[in-house]
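K.L.:
Got a predicted model here, sequence first, then my questions.
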2 protein chains.
Amino acid sequence: MNAEIIAVGSELLLGQIVNTNAQFISKGLADIGVNVFYHTVAGDNQNRLTSVIQTAKSRSDLLIFTGGLGPTKDDLTKETISKVFQKELVHDEVSLSYITNYFLQTNREMTPNNKKQALIIKDSTILPNDNGMAPGMAFIHEGITCILLPGPPSEMKPMFNKYAIPYLHSRLDVHSKLHSRVLRFFGIGESVLETKLQDLIEKQSNPTIAPLASEHEVTIRLTASHSDESAAMKLLDDTEQEILKRAGSYFYGYDDETLERQTMNLLHKKNLTVASAESLTGGLFSKVITDFPGASSVYSGGVVVYSTELKQSMLKVPDTIVDTHGVVSAECAEWMAVEIKNQTKADYGISFTGVAGPDEQEGKSAGTVFIAIADKNQTHSFSLKLAGSRNGIRERAVKHGFRFLNQLVKEGQ
Amino acid sequence: MNAEIIAVGSELLLGQIVNTNAQFISKGLADIGVNVFYHTVAGDNQNRLTSVIQTAKSRSDLLIFTGGLGPTKDDLTKETISKVFQKELVHDEVSLSYITNYFLQTNREMTPNNKKQALIIKDSTILPNDNGMAPGMAFIHEGITCILLPGPPSEMKPMFNKYAIPYLHSRLDVHSKLHSRVLRFFGIGESVLETKLQDLIEKQSNPTIAPLASEHEVTIRLTASHSDESAAMKLLDDTEQEILKRAGSYFYGYDDETLERQTMNLLHKKNLTVASAESLTGGLFSKVITDFPGASSVYSGGVVVYSTELKQSMLKVPDTIVDTHGVVSAECAEWMAVEIKNQTKADYGISFTGVAGPDEQEGKSAGTVFIAIADKNQTHSFSLKLAGSRNGIRERAVKHGFRFLNQLVKEGQ
């Protein structure tokens, strides 16, 4: 089976947005062993979209569309597919009542064009939209499978994972004899990690070893090919062991695990709480930890003390620290961590201070970062020198904070 | 003239990287009035790439390729184009000596396969690579213009701007007679906005009117076609005026302006400061405002009071409010806003409380949001009912906060 991903939307062709959907879907298909041979983008134009679909039909077995399912006149995907495949469009009552309810619940006016979103290709399987109005759909016609997904990534991604992938598994003999495992590393660069593993990478065959740098982390994807699952697992285990021998200290988890979620789960399991005092990171640590539903069981809150005045008024940072060491210092970070722990009665206080840039501060250059963590016995502080943009420095500082906290919580009783 | 962008590389089809090159080139072409009708991605496979080029040749006048110009065996772009267009590949001495020098200067060993990078399509114009080794090239054959660019964005982008755009200007009567203006709206959905503008959209011709929903906002791109710039501006002005008559209250800015940056600039200009007290949004407001360098002149900090206990201990929210109205209430939001303003001595205090979901809280459903803003005279509160995912609700709540703050600062003296 070979797939083609067709994104529809003039905003892509105008360069207003990037086609991240194609990447997301490609990755998902690679995981279940489906080859993607083409990505195509067409605009909101029926003639050109028609010819794109005809070309795709002639060369691919699985067509995945994203975009053009919305309520407006320039949303043409369903309409065009229905013409090319000569399949009728019908109103779906379930989708219509879902849409009507959506408007009722959110107290918004439902304009008539919204009804268009409940039109579906006859006899197709509906893929529910848990995060928006336009439902997705899937059908097989003369051996060609079509899957229609909405364009906004916040709607498309959950729909793809929750409904499209199971559809592919159930309908199409997609059985992977490929078994993958992702090893996740933080605190080491891709090229350094690759150098440590050079001989393994050079002689790789089964499993294959693919390092990838992403979001300030490095992952290594191991893919073993074997029809017997336990034999595949043995291949993966052996290679993993070899890799961890050389770079185990940077390894923190598998597959979709994140450092942030792992830390939160660990705190939750141990019934511990953390509070934060942020300068450099301006609330990013809080934001990231409260991204998780249920964060309130481990995180009660904290302060963002961006100015020196607030560090002094809210956290009582003494003049001696400000005058002698400056607010960008281990001493200030440690004070902040202890003080926020005490004020909030949390088990851990974590603090971030430093220079995000672009300008230097107190004679310290952009990328100078101090993180401190206070627990009931002592205060640990960490000094980092990070490179990159303002946002990159802030994001990596928070990741390092989670890494240090993770280690301390793991080591704690 | 209509263009097609062809990116070559299996890493795109495997989902390892996003095709940001297509966006960059699309934007650049839109700016000079060239229509892009298709994006295509093909892997490192000569047969499939051949058929992609043949299809592109049959439907587009300008083919822009990125990727596949490197030294390794799977770099096939030049080779395949030379076959399809029946044009010879020849060694270019200038490129070869540039590559040899590059290795000398960086003290690296030049492996024989690097010579391949100096192969160019005969009689093509060379586009120098100021940031890497593989030169780009451009040629016109039977009315079809081909431009070959390298894949790494750090090499492709400067080459495109510095050499490919001037090539297009000089060879191909490309004179920008298209003039665009983006109008930005917040607080109104795409379908409602379109309904308000339906008659304008239906009779649109010059300028064209293209609404787009993105990141919780809606933008409208107006594109006027006229060889005289001031006549084009007049066309844009007239249409803008018509649009603002109907939806002006949701309009906030032009082009790349954001609500967040506008608010920050406004505060800065008026020499005013804001502090935040966040529950629902868990630090996201702080994070967003401190994304901007120089935020410290308008933002001193605030608190994240995620738990009820911290609302009471840090912001002294009285029991009467917690017991009578709950922490998800206008009363609690107002108290938080006033208290953080007073504690930090800022000109404005802004607060966020509500239910991000997925579970309800105090019997209030996910999406219930209260925002309050205290200024020196009074406290304003805003009640919202938002739909969507946990993160979507949090992100939109913050955008609404910026919108309300923006209005109040604008109206203030």
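P.N.:
On my side now, so go ahead.
K.L.:
If you count neighbours, what's buried in stretch A:163-182?
P.N.:
Across stretch A:163-182, burial judged by 16 or more other CB atoms under 10 Å in any protein chain shown covers A:163-165, A:167-168, A:174, A:178-182. In this view, the C-beta of every residue, glycine as well, is placed from N, C-alpha and C.
K.L.:
Report whether the expected contact of residue A:11 with residue B:218 is present.
P.N.:
No - Residue A:11 is beyond contact range of residue B:218, at 11.8 Å (criterion: CB atoms under 8 Å).
K.L.:
so what's in contact with these two at the same time?
P.N.:
Shared contacts of residue A:11 and residue B:218, defined by CB atoms under 8 Å, 6 or more residues apart in numbering or on different chains, comprise residue B:212.
K.L.:
Could you name the helices and strands sitting against the lengthiest helix in chain A?
P.N.:
Counting residues, the longest helix found in chain A (DSSP state H) is helix A:390-411. If contacts are counted by 3 or more CB pairs under 8 Å, 6 or more residues apart in numbering or on different chains; DSSP states H and E, helix A:390-411 sits against helix A:259-270, helix A:284-290, strand A:348-354, strand A:368-374, strand A:379-385.
K.L.:
show me where pLDDT drops low in chain A?
P.N.:
Along chain A, the parts satisfying pLDDT under 70 run over A:172-177, A:213-215, A:413.
K.L.:
who touches the residue lying closest to residue A:344 once chain neighbours are set aside in this structure?
P.N.:
Closest residue to residue A:344 apart from its sequence neighbours, by CB to CB, 6 or more residues apart in numbering or on different chains: residue A:275 at 3.9 Å. If you count contacts by CB under 8 Å, 6+ apart, residue A:275 has them with A:299-302, A:340-341, A:343-344, A:346, A:348-350.
K.L.:
Most neighbours out of those, which is it?
P.N.:
Within the contacts of residue A:275, neighbour counts (other CB atoms under 10 Å in any protein chain shown) peak at residue A:302, which reaches 32 neighbours.
K.L.:
Sticking with that residue, tell me its helix or strand.
P.N.:
Of the helices and strands defined by DSSP states H and E, residue A:302 is found in strand A:299-305.
K.L.:
can you confirm the residue nearest to residue A:344 is in a strand?
P.N.:
Yes - under DSSP: H, G, I helix; E, B strand; the rest coil, residue A:275 sits within a strand.
K.L.:
Of all the helices and strands packed on helix A:390-411, which one comes closest to chain B?
P.N.:
Nearest of the helices and strands packed on helix A:390-411 to chain B, taken as CB to the nearest CB: helix A:284-290 at 2.9 Å.
K.L.:
what comes into contact with the closest one?
P.N.:
So helix A:284-290 is contacted by A:260, A:264, A:274, A:276, A:278, A:295, A:298-299, A:301-302, A:304, A:350, A:352, A:394-395, A:398, A:401-402, B:278, B:281-284, B:286-287, B:304, B:306, B:356, B:394 (CB under 8 Å, 6+ apart).
K.L.:
mind running it again at 7 Å?
P.N.:
Outside helix A:284-290, the residues that touch it by CB atoms under 7 Å, 6 or more residues apart in numbering or on different chains are A:260, A:264, A:276, A:278, A:295, A:299, A:302, A:350, A:352, A:394, A:398, A:401, B:282-284, B:287, B:304, B:306.
K.L.:
Let's see the PyMOL selection covering just the buried ones among the residues you listed.
P.N.:
In PyMOL, this line selects whichever of the contacts of helix A:284-290 come out buried by 16+ other CB under 10 Å:
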select buried, (chain A and resi 260+264+276+278+295+299+302+350+352+394+398+401) or (chain B and resi 282+283+284+287+304+306)
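K.L.:
Give the helix, strand or coil label for the closest residue to residue A:103 other than its chain neighbours.
P.N.:
Distance criterion CB to CB, 6+ apart; nearest residue to residue A:103, sequence neighbours excluded, is residue A:110 at 3.9 Å. At residue A:110 the chain is in coil, as set by three-state DSSP.
K.L.:
ok, residue A:110 to residue A:99 distance?
P.N.:
The gap separating residue A:110 from residue A:99 is 7 Å, by CB to CB, to the nearest Å.
K.L.:
And for residue A:19?
P.N.:
For residue A:19 relative to residue A:99 (CB to CB), the value is 27 Å.
K.L.:
again, but for residue A:171
P.N.:
Separation of residue A:171 from residue A:99 (CB to CB): 26 Å.
K.L.:
Domains in chain A, by residue range?
P.N.:
Following automatic domain parsing, one gets these domains for chain A: A:2-171, A:178-254, A:259-411.
K.L.:
What residues does the stretch 51-200 of chain A have near chain B?
P.N.:
Neighbours of chain B within the stretch 51-200 of chain A, by CB under 7 Å from any CB of the partner chain: A:55, A:71-72, A:102, A:105-109, A:111, A:113-114, A:131, A:154.
K.L.:
Sort out for me which of those residues are in helices.
P.N.:
Residues of those located in helices (DSSP H): A:55, A:102, A:105, A:154.
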